[in-house]
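**Student:** with the sequence up front, the predicted model follows.
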Amino acid sequence: MSSTPVPPDHITDSPLFADLGLRAELLAALAALGYEEPTPIQREAIPPLLAGQDLLGQAATGTGKTAAFALPLLNRMPAHRSDGDPLALVLVPTRELAVQVSEAFHRYGKDLGTRVLPIYGGQPIGRQLRALDMGVDVVVATPGRALDHIARGTLRLGNLNTVVLDEADEMLDMGFAEDIEAILEHTPEQRQTVLFSATMPARIDGMARAHLTDPVRILIAREQPVAGEAPRVRQSAYLVARAHKPAALGRVLDVESPTAAIVFCRSREEVDRLTETMNGRGYRAEALHGGMSQEQRDRVMGRLRSGTADLLVATDVAARGLDVEQLSHVVNYDVPSAPESYVHRIGRVGRAGREGVAITLAEPREHRMLKTIERVTGQRITIDKIPTVADLRTRRLELTQAALRESLLEDDLDSFRVIVETLSDEFDLMEVALAAVKLAHEATLPGTEEAEEEIPQVAVRPSRETRPAYEARGERRPSRPRTSGTTQVFIGLGRRAGVRPQDLVGAITGETRIRGRDIGSIEIADRFSLVEVPIAVADEVIAGLRGSTIKGRKVTVRRDRDDSH
């Protein structure tokens, strides 16, 4: 079962859908939808699937893989069938993906009279029972609800011709491996089995070997930009101390001005906390996590799709299977723990020819994980500097200029002419324009610019191999330039004791009146740490830390000796 990567442009004379042997009803539906040329995964997958072969396909989200398995499946299905039990079963990880795949089947198979039923948790089971009793052709299901119907005897799989496992790696990550095995036991041995996955870890390969028969294996290489063109997904990262992450996120989003964005967090608590923070900055933010009911999730997604919300703060599990057409940015509030998670997250933007942006906020200690992700994905992640207050002001002025330009080109301004003419009798026309621009600019600001503070830039921590000799010996580092009005506090505990920046920030903010954002750069060596704080509160920080413990230990705390003037 060898695999050969298929570059997106490997066929010089790209075939049309009509060249792939699809029936007239499907071609008419595709033409009505405006689809002309198949995508690479469709070109490679449709012919062997039409021939009845098993298939193992690796392709990222947004490459057109739903049509790659839906079209040949519909092509082989009798039109306007009246029998009851389904001929095809598509298993997907989430309710949202079940709905999307079902809608795609409806669009493609409308002229064939194909009956498609999504079944998933969170929906009244009575409606699903009635539909199954009336008869369906294709069932698109989450594994848990499919097993429930199999146990009830309401989902009978004896007539199945095809089983599709879509987003198989996601299903395994969500703990559905045993459910999938149990479902497959109820399907005929002589069936066509199709497995699609964005990544191909060893357990996916093991599942393929266990359940697929001599499959065609397709690997669709990630699309590379044409020379001179911008990449479809611009990937960048910002190094920022933990204490400054909320402010850094707001600053980056203010500069980027996304149409709609998803921000990924690790926990429900972090989702709720960050959602509240971003709403305080003037964003229309919504939370999405596993602690919410299906009704709450539906309301949140409705607000995002309708444009009444522009920022979704979510956990990985809650956001699986989502497809938001207007999404322009994905933000990793923390570096994903696995490269596969990063691939799935950024796959939500840059789809169907649209450009997208993937941003990661990384703590200095997470820099190595960024390098691992680069190595696994084969794509560069640019390390950028956090935008300064000056950058933010410049960006806001640019947005004001763009809004004024749009108004000049598209709006009917005659009703305001009398105001300008009256004022021009008293003031210079340029001064009138400047005043109008000032009012327009201030009206669009999410907050007062005077409230913005600089976010400390963080340098990349050297790797263990390149760490300076003074640090390897546990000695204090040479003095370095500091922010004006600050001093360094020496703390006699370092990396060997497991100290992290958040430990130091937590100890300082817990024992003193200063806030996390008042703490500057933090450097952690093997046996000591240096923390930059405002001179005015240095003595309070030292006194507070001397009376407390860090990592359960009393520590030596004093001003760094290079600060003794």
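**Tutor:** Here it is on my side, so go on.
**Student:** quick one: the strands in the stretch 351-500 of the chain?
**Tutor:** In the stretch 351-500 of the chain, the segments counted as strands under DSSP state E, counting those that start in this stretch are 356-362, 382-384, 486-491.
**Student:** what's the spacing between Val136 and Gln100?
**Tutor:** Val136 is 18 Å from Gln100, where distance means C-beta to C-beta, to the nearest Å. Where C-beta positions appear, they are placed from N, C-alpha and C, glycine not excepted.
**Student:** please read the previous query as pertaining to Arg348.
**Tutor:** Distance from Arg348 to Gln100, by C-beta to C-beta: 12 Å.
**Student:** the two: who's more crowded?
**Tutor:** Arg348 (21 against 17; other C-beta atoms under 10 Å).
**Student:** name the helix or strand of this structure that has the lowest mean pLDDT.
**Tutor:** helix 469-472 (a mean of 41; mean pLDDT, DSSP states H and E).
**Student:** what residues are up against Val271?
**Tutor:** Going by C-beta atoms under 8 Å, 6 or more residues apart in numbering, Val271 touches Cys265, Ala287, Leu288, His289, Val313, Ala314, Thr315.
**Student:** after the host helix or strand of it, which helix or strand is next?
**Tutor:** Val271 belongs to helix 268-280 when assigned by DSSP states H and E. Note on helix 268-280: by DSSP H and E, the next helix or strand toward the C-terminus is strand 285-288.
**Student:** direction included, what does that following strand pair against?
**Tutor:** Applying DSSP bridges to the sheet, strand 285-288 is found paired with strand 311-315 (parallel).
**Student:** which residues sit against the partner strand?
**Tutor:** 253, 258, 260-268, 271, 274-275, 278, 283-290, 300, 304, 319, 324.
**Student:** looking at that strand now, give me its mean pLDDT.
**Tutor:** Strand 311-315 shows a mean pLDDT of 89.
**Student:** report the buried residues of that strand.
**Tutor:** By 16 or more other C-beta atoms under 10 Å, the buried positions in strand 311-315 come out as Leu311, Leu312, Val313, Ala314, Thr315.
**Student:** any idea how far it is from the chain center?
**Tutor:** Its chain's average C-alpha position is 9 Å from that of strand 311-315, according to C-alpha atoms, centre = their mean, to the nearest Å.
**Student:** keeping just the C-alphas, turn it into PDB.
**Tutor:** Presented in PDB, the C-alpha positions along strand 311-315 are these (Å, rounded to 0.1, in the frame of the first residue of the first chain):
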ATOM      1  CA  LEU A 311     -14.500  36.500  17.700                       C
ATOM      2  CA  LEU A 312     -15.000  32.900  18.800                       C
ATOM      3  CA  VAL A 313     -12.900  31.800  21.800                       C
ATOM      4  CA  ALA A 314     -13.000  28.000  21.900                       C
ATOM      5  CA  THR A 315     -11.400  24.700  23.000                       C
END
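**Student:** now the angle from that strand to helix 268-280?
**Tutor:** Strand 311-315 and helix 268-280 are oriented at 170 degrees to each other (axes from the mean of the first three to the mean of the last three C-alpha atoms, to 10 degrees).
**Student:** now the helices for the stretch 301-450 of the chain?
**Tutor:** Assigned by DSSP state H, counting those that start in this stretch, the helices in the stretch 301-450 of the chain fall at 316-319, 339-346, 367-377, 389-410, 417-424, 429-443.
**Student:** point out where the chain drops to low pLDDT.
**Tutor:** Scanning the chain for pLDDT under 70 picks out 1-14, 36, 60-62, 221-231, 317-323, 350-354, 444-452, 458-484, 561-565.
**Student:** break it down into its domains, please.
**Tutor:** Following automatic domain parsing, the chain resolves into domains at 4-220, 233-387, 397-445, 469-563.
**Student:** any idea which of those gets closest to Ile455?
**Tutor:** Closest of these to Ile455 is domain 233-387, at 5.0 Å (criterion: C-beta to C-beta).
**Student:** give me the distance between the closest one and the centre of its chain.
**Tutor:** On C-alpha atoms, centre = their mean, the centre of domain 233-387 falls 5 Å from the chain's centre.
**Student:** try stretch 39-48
**Tutor:** Distance, centroid of stretch 39-48 to centroid of chain: 27 Å (C-alpha atoms, centre = their mean).
**Student:** tally of neighbours for Asp244?
**Tutor:** Not Asp; residue 244 is His. His244: 22 neighbours (other C-beta under 10 Å).
**Student:** now it: closest residue in space, sequence neighbours ignored.
**Tutor:** Spatial nearest neighbour of His244, excluding adjacent residues (C-beta to C-beta, 6 or more residues apart in numbering): Ile455 at 5.0 Å.
**Student:** and that neighbour, what is it in contact with?
**Tutor:** Counting by C-beta under 8 Å, 6+ apart, Ile455 has contacts Val240, His244, Ala247, Ala248, Arg251, Ile386.
**Student:** for those, give me a markdown table that also has distance to Arg395 and secondary structure.
**Tutor:** What follows is those, written out as a markdown table (distance: C-beta to C-beta, whole Å; DSSP: H, G, I helix; E, B strand; the rest coil):
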| residue | distance to Arg395 | secondary structure |
| --- | --- | --- |
| Val240 | 18 | coil |
| His244 | 19 | helix |
| Ala247 | 16 | helix |
| Ala248 | 15 | helix |
| Arg251 | 10 | helix |
| Ile386 | 13 | coil |
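**Student:** output the residues you listed as JSON lines; include the columns distance to Arg107.
**Tutor:** Below are the contacts of Ile455 laid out as JSON lines (distance: C-beta to C-beta, whole Å):
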{"residue": "Val240", "distance to Arg107": "43"}
{"residue": "His244", "distance to Arg107": "46"}
{"residue": "Ala247", "distance to Arg107": "44"}
{"residue": "Ala248", "distance to Arg107": "42"}
{"residue": "Arg251", "distance to Arg107": "41"}
{"residue": "Ile386", "distance to Arg107": "44"}
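**Student:** just the CA coordinates for stretch 555-562, please, in CSV.
**Tutor:** C-alpha atoms of stretch 555-562 as CSV (Å, rounded to 0.1, in the frame of the first residue of the first chain):
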residue,chain,number,x,y,z
VAL,A,555,14.4,31.8,48.5
THR,A,556,17.0,34.5,48.5
VAL,A,557,15.6,37.8,47.1
ARG,A,558,17.5,41.1,46.5
ARG,A,559,18.1,43.7,44.0
ASP,A,560,20.4,42.5,41.2
ARG,A,561,23.9,43.7,42.1
ASP,A,562,24.3,45.3,38.8
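**Student:** mind listing what's buried along that stretch?
**Tutor:** Val555, Val557, Arg559, Asp560, Asp562.
**Student:** bridge partners for the second one, pull those for me.
**Tutor:** When you say that, I think you mean Val557. With DSSP bridges as the rule, Val557 is bridged to Ile491.
**Student:** do you know how far it is from Leu493?
**Tutor:** For Val557, the distance to Leu493 - C-beta to C-beta - is 9 Å.
**Student:** for Ala104, same thing?
**Tutor:** As for Ala104, its distance to Leu493 is 57 Å (criterion: C-beta to C-beta).
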